[in-house]
Each structure stands twice: as structure tokens, then as C-alpha cells.
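Visitor: Structural data only, the sequence is not supplied:
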């Protein structure tokens, strides 16, 4: 294999890592309703993809480039997931079930989290259910704090698509502009 083919192969790998990573981020943006951000990511994703696929199709007599293309795709999937976790866009709601009554709720409030609590009945008797909305970046800190306050607590974590107080709800945008607006 000559240096030119190796250079093109490496360029294809890097291009695929970037475009597949952008695709992963674009998918998350779509799920979260970030239409304009998804549009921008999609534009660059396809532009880079066209470059990479054109080089592979133009050189079908060099199967090494096809292998580089596949290697870049697989690596891009991994890198995209890691990048998305690092950026941690969005918010989550954490539901904590605890038997330590108000101590866990008050401890989480002192740590800076907004906590809403409910009394409930579990399999083993009374429990307190805590609801906490937080950014995804803060989720692990919140869970570590909860475990420190109550080592026997049980929790569930869900992504939030939309959260708003009725007074904060914006009027519905319709027509062609609705394509660009976050709902």
C-alpha cells in the first residue's frame, strides 16, 4: 500500500468518525426537540459523509478504503455516544424512593437540588417518593448525594422531553416557521 492510499484511508476514517459522531448528536437533538441544532448538525454530517463515500466509490478497486470507511463508522458510533454523554444535553427527572423520611429530601435541598416529596406506601411499608428535576450533567452528583444520605434508597432516572409551568407555555407556532422552532 502506497502512502497516498494510506493518507486517503486515514482521512476517510477521520471523516467517518466525525460524521457519525455528528449523526449521533443530531439524533439526540431531534429527540429533545432541538430542530435548528439538528439541522446544523445534519448539514455538516451529510457534507462530510459525501466526501468520504465519494472517495470510496471513486476507488472501488482499493478495498482498503472500504475497510477504512467501515472502521470509521464503527469508531464514530462509539465516539458519538461518548461525546453525547460528555456534553450531556437536556434534563432528567430522578425519582428516589426512601424510608429515611424527610432527612434525604432535606439533605438534597441543602445540596442545592429542588425536591418535591410525596408520602407513599411500598411493599415493606411507608416510603417517601422524591422528585428532582436536574440537568443531565448533575445527575451523578445528585445520585451520589442521595446514596450518601440513604444507602438503601432506590431511584429511577428518566429523560425529560418537555417541562414547563402552564404560565410559561409559549403559544403554538404554526406554518413553515414551526419547522425551525423548538416545541
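Guide: Sure, I can see it. Not measured: the values here are computed from a predicted model.
Visitor: Going by contacts, tell me the helices and strands next to the longest helix anywhere in the chain.
Guide: Looking across the chain with DSSP state H, the single longest helix is helix 3-31. Applying 3 or more Cβ pairs under 8 Å, 6 or more residues apart in numbering; DSSP states H and E, one finds that helix 3-31 contacts helix 35-58, helix 63-87. For glycine as for every other residue, the C-beta is placed from the backbone atoms N, C-alpha and C.
Visitor: Report the secondary structure state of residue 157.
Guide: Three-state call for residue 157 (DSSP: H, G, I helix; E, B strand; the rest coil): strand.
Visitor: can I assume it is in contact with residue 91?
Guide: No: in this structure residue 157 lies outside contact range of residue 91 using Cβ atoms under 8 Å: 11.0 Å.
Visitor: out of those two, which sits in the busier spot?
Guide: Higher neighbour count among residue 157 and residue 91: residue 91, with 19 against 16, using other Cβ atoms under 10 Å.
Visitor: Now do the contacts for that one.
Guide: Residue 91 makes contact with 133, 134, 135, 136, 159, 160, 163, according to Cβ atoms under 8 Å, 6 or more residues apart in numbering.
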